[in-house]
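Enquirer: predicted model and sequence follow; I will ask about them next.
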Amino acid sequence: MTKLIVPLLIGTLAACTDPDAGPVTVAPKTATVKAGDKTTFTATVKDAKESKILWSVEGGDSHGTISSAGVYTAPTEAGTYTVVATNAVDSSKKDTATVTVEPAVVVRIAPLGTQVVTGGTATFTAKVTGAEDTSVTWSIQEGEAGGSITAEGVYTAPATAGTYTIVATSVADPTRKGTAEVTVTSVSVKLSPETKTSDQGATTAFISEVTGTRVTAVTWSVEGGDSNGTITSAGVYTAPNHPGSYTVWATSVADPSKKASATITVPVASGIGYQDPVGIGWRLVKNAAASTDSRLVLDLVGPEGQSGRGVDLTLSVDSARASWTKVSDADTEYVANRAFDLGSAPQLFKGGVKADTLSVGVYQKDAPAKEYTGALISVALDLKGSDSLPAGTRVPLSVVKAHALPDSGTLASINVAVGAITTR
């Protein structure tokens, strides 16, 4: 029995005298750190050849974590926590340190992302929590190439499109920053159609296409003002009443330095057109075969199913834009007989012009009446072209008076419908 007790006592005495089993001292004893940040502790064993330390945090990981090297990482929640250093040789030997975790400084920027056109501006705001001083300094991660920003957070985009980062740095804790992304786009404007030939007074609807921005609106204008035509906010252009070449502009609302233009040409009148009147009674219709670009020949036709021995017409036209002429250069009168059998006298075949008025008459007597089929008589007028007369100009034509001699009865007034004369 004595032999067994002696070795045990010897072992116990050896453990009690092991220099690595001494008391533990932690440094620092207190520390203050921001939530989520790190701080380092050291621990020594008194008189130990090598300090063997086991690190832990009272309360578990929710109170922070600590590495084997003594690096403590604070939790996200503020509070007071305890770090424990335990002697690995003798677990009864330990020491503690108190860690005060303060709320972290957080910088948040609004908006987090935005789109700006080149040269455009955007305003950012920063909210700082976890510090009494809530001010920030503004900067751009890419430097001057990414634009500029004022102390108030007003950003001005550069001339080069791209994606740039706005940075707000806490004055209280310069290690804390917030960031936002800016997409800088280059605006372009296109118009359709880009060119257009238009009659005077006619309308053209233009369509704008704006890319590079969410704001696709444009403002419309006519170069030279209203004398060169007008345009609505919807892009509908009305040509002026004089020939020329005119320019319409569409300017981007998002970036007024970006615009596009279209050219409208109101040509000088080079020809004359005529729209026949509708109906089946007396009317003046175009003789397409005898008409030319500058000469309009009109045929008088009568109501179907009737007949007669002659007609007379007095017509008026705008003498500033057209003049009465003979149907053919070989004609002796300002009227051509197409249907009536004049026969021998008494008869009438006469035409005359006075200023803007044409008076013609074709009558037969002592001959069978003619059925009103096809042209009865023809008259003609020439366009007075000039550099100031635009295409699409209306040339007024009117019937002053008209009569017909039916196959039975006496001379009677008739109503003759006329169409529309327009330059082209």
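Expert: Yes, it's here.
Enquirer: give me the most central residue, this protein.
Expert: Residue closest to the average C-alpha location in the chain (Cα atoms, centre = their mean): T216, at 2.6 Å.
Enquirer: what about it, which SS state?
Expert: Here T216 is coil, with the state taken from DSSP: H, G, I helix; E, B strand; the rest coil.
Enquirer: counting neighbours, what do you get for the closest residue to it other than its chain neighbours?
Expert: Excluding the flanking residues, the one nearest T216 by Cβ to Cβ, 6 or more residues apart in numbering is V210, at 4.2 Å. In short, each C-beta sits where N, CA and C put it, glycine included. For V210, the count of nearby residues is 22 (other Cβ atoms under 10 Å).
Enquirer: P158: what's it in contact with?
Expert: Counting by Cβ atoms under 8 Å, 6 or more residues apart in numbering, P158 touches T118, G119, E144, A145, G146, G147, Y164, V184.
Enquirer: just the pLDDT for H242.
Expert: At H242, the pLDDT value in this model is 87.
Enquirer: surely it meets V266?
Expert: Yes. Contact criterion Cβ atoms under 8 Å: H242 and V266 qualify, at 7.1 Å.
Enquirer: the two: who's more crowded?
Expert: V266 (26 against 16).
Enquirer: secondary structure class of the residue lying closest to K401 once chain neighbours are set aside, three-state.
Expert: Leaving out its chain neighbours, the residue that sits closest to K401 by Cβ to Cβ, 6+ apart is T314, at 4.8 Å. On the three-state scheme (three-state DSSP), T314 is labelled strand.
Enquirer: next up, the contacts around T314.
Expert: Applying Cβ under 8 Å, 6+ apart, the residues near T314 are T357, L358, S359, V399, V400, K401, A402.
Enquirer: give me the subset of these that lies in strands.
Expert: Among the contacts of T314, the members falling in strands are T357, L358, S359, V399, V400, K401, A402 (criterion: DSSP state E).
Enquirer: coming back round to it: give me the common contacts of H242 and V266.
Expert: With Cβ under 8 Å, 6+ apart, H242 and V266 have common neighbours Q200, P390.
Enquirer: gap between T100 and K46?
Expert: Using Cβ to Cβ, to the nearest Å, T100 is found at 27 Å from K46.
Enquirer: coming back round to it: which one of the contacts of T314 is nearest I140?
Expert: Lowest distance from I140 to the contacts of T314 (Cβ to Cβ) belongs to V399, with 78.7 Å.
Enquirer: please name the bridge partners of that closest one.
Expert: L315 (DSSP bridges).
Enquirer: what about stretch 171-189, how long is it end to end?
Expert: 43 Å (Cα to Cα, to the nearest Å).
Enquirer: tell me which stretches of this protein form helices.
Expert: Under the criterion DSSP state H, the chain contains helices at 2-16.
Enquirer: before we move on, the earlier item: now tabulate the ones in strands among the contacts of T314 in TSV and tack on pLDDT, neighbour count and distance to V107.
Expert: Below are the ones in strands among the contacts of T314 laid out as TSV (pLDDT from 0 to 100; neighbours: other Cβ atoms under 10 Å; distance: Cβ to Cβ, whole Å):
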residue	pLDDT	neighbour count	distance to V107
T357	96	14	89
L358	96	23	90
S359	96	18	95
V399	97	16	87
V400	97	11	89
K401	96	12	92
A402	96	18	92
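Enquirer: low-confidence stretches in the protein?
Expert: 1-17, 344-346 (pLDDT under 70).
Enquirer: and it, what are its domain boundaries?
Expert: Residue ranges for the domains of the chain, per automatic domain parsing: 18-102, 106-185, 188-266, 272-423.
Enquirer: from start to finish, how long is the third one in a straight line?
Expert: Terminal residues of domain 188-266 are spaced 28 Å apart (Cα to Cα).
Enquirer: and if you look at the last one?
Expert: As for domain 272-423, its first-to-last residue distance stands at 4 Å under the measure Cα to Cα.
Enquirer: check the second one too.
Expert: Across its full length, domain 106-185 reaches 30 Å end to end, with Cα to Cα as the criterion.
Enquirer: ok, T423 - contacts?
Expert: With contact set as Cβ under 8 Å, 6+ apart, T423 has these partners: A269, G271, I272, G273, R321, L383, L389, P390, A391, G392, T393, V395.
Enquirer: how about 6 Å then?
Expert: Counting by Cβ atoms under 6 Å, 6 or more residues apart in numbering, T423 makes contact with A269, I272, A391, T393.
Enquirer: repeat that for L191.
Expert: Contact analysis of L191 by Cβ under 6 Å, 6+ apart lists F206, S208, A250, A260, A262.
Enquirer: what's the burial count for the second one?
Expert: Here the number of neighbours of S208 (other Cβ under 10 Å) works out to 20.
Enquirer: please apply the same query to the third one.
Expert: Other residues near A250 number 24, with proximity taken as other Cβ under 10 Å.
Enquirer: same check on the last one?
Expert: Look at A262: counted by other Cβ under 10 Å, it has 22 neighbours.
Enquirer: now for it: which residues touch it?
Expert: Counting by Cβ under 6 Å, 6+ apart, A262 has contacts L191, E194, F206, V248.
Enquirer: again, only this time at 10 Å
Expert: Shown in contact with A262 (Cβ atoms under 10 Å, 6 or more residues apart in numbering): 190-196, 204, 206-208, 235, 237, 246-250.
Enquirer: got it, and the fourth one?
Expert: Contact analysis of A260 by Cβ under 10 Å, 6+ apart lists 188-192, 194, 206, 208-210, 218, 248-252.
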